[in-house]
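S.K.: coords please:
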Amino acid sequence: MTQTRCSWANPANPLYLHYHDHEWGVPCHDDLILFEMLNLEGAQAGLSWETVLNKRENYRLAFDQWDAQKIAKYDDAKIETLMQNAGIIRNRLKIQATITNAKSYLALRKEFGSLDAYLWAHVNGRPIVNRGERIITTELSDRISKDLKKRGFKFVGSTIIYAYMQAIGMVNDHAPDCAWRTLVSKVK
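M.R.: Residues are numbered from 1 along each chain as shown. I've put the predicted structure just below:
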């Protein structure tokens, strides 16, 4: 028997189905993945998530497995190398934003201990479960976006932050008829 998924989960793309079934909406507390997803959501601006997802492994290789300490030290030569990498989105502003975000992430970790602690404090450690309506931004995504920008992060507008909140499970926006809606609600 086939289980019902959210309508956006492209059944023709195994990466997309795996993402839907095992990551999207599942509460994430791994700082490395949280940092990765923040940057991938920013890279997605103006593009489809599927495009970014298909390049995810290339991003991991290009950005030193998302090691913020290394990324924060990238120089102009490294940026030029990344600009030649067809495996990622070759947008100079997005590449520079990732470097800036690494520096801001390291500073945020010093203040809060982890990106996880910072993010999940906004929802008292519990995911918000919505009714399945299409939401693009909320007061919370506005607030987090504004604070991250104040801390120096780039490509963290409210729409990107809301998509990020969905991706890392701070928000459960699986469709009401999606079999995963209830499953991810059970993950702590």
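
S.K.: Please count neighbours and contacts with C-alpha atoms only from this point.
M.R.: Fine.

S.K.: Following the chain onward from the longest helix anywhere in the chain, which element is next?
M.R.: Looking across the chain with DSSP state H, the single longest helix is helix 92-112. Sequence order places helix 115-121 as the next helix or strand after helix 92-112, per DSSP states H and E.

S.K.: Report the distance from that following helix to the chain centre.
M.R.: Helix 115-121 sits 14 Å away from the centroid of its parent chain (C-alpha atoms, centre = their mean, to the nearest Å).

S.K.: Packing partners of it?
M.R.: Contacts defined by 3 or more C-alpha pairs under 8 Å, 6 or more residues apart in numbering; DSSP states H and E place helix 115-121 against helix 31-43, helix 92-112.

S.K.: Provide the contact partners of the shortest one at residue level.
M.R.: Meaning helix 31-43. The contact list for helix 31-43, computed with C-alpha atoms under 8 Å, 6 or more residues apart in numbering, reads 28, 49, 52, 56, 66-67, 89, 94, 98, 101, 105, 114-116, 154-156, 160-161, 163-164, 167-168.

S.K.: before we move on, what about the longest one?
M.R.: Among residues not part of helix 92-112, those counted as contacts by C-alpha under 8 Å, 6+ apart are 35, 39, 42-43, 68-69, 71-74, 79, 82-83, 114-115, 118, 151-155.

S.K.: before we move on, the earlier item: in the longest helix of the chain, which residues are buried?
M.R.: 94-106, 108 (16 or more other C-alpha atoms under 10 Å).

S.K.: Which of the residues you listed sits closest to Trp8?
M.R.: Comparing the buried residues of helix 92-112 against Trp8 with C-alpha to C-alpha places Lys94 closest, at 24.9 Å.

S.K.: picking up where we left off before, right, so of the helices and strands packed on helix 115-121, which gets closest to Ile136?
M.R.: With distances scored as C-alpha to C-alpha, the stretch of these nearest to Ile136 is helix 31-43 (13.5 Å).

S.K.: buried stuff in the closest one?
M.R.: Buried positions in helix 31-43, judged by neighbour count with 16+ other C-alpha under 10 Å: Leu32, Leu34, Phe35, Glu36, Met37, Leu38, Asn39, Leu40, Glu41, Gly42, Ala43.

S.K.: from the residues you listed, which single one is nearest Tyr19?
M.R.: Tyr19 lies nearest to Met37 out of the buried residues of helix 31-43, by C-alpha to C-alpha, at 12.0 Å.

S.K.: tell me the pLDDT at the residue nearest to the spatial centre of the chain?
M.R.: Closest to where the C-alpha atoms of the chain average out (C-alpha atoms, centre = their mean) is Met37, at 2.7 Å. On pLDDT, Met37 comes in at 98.

S.K.: now Ser185
M.R.: Per-residue pLDDT puts Ser185 at 63.
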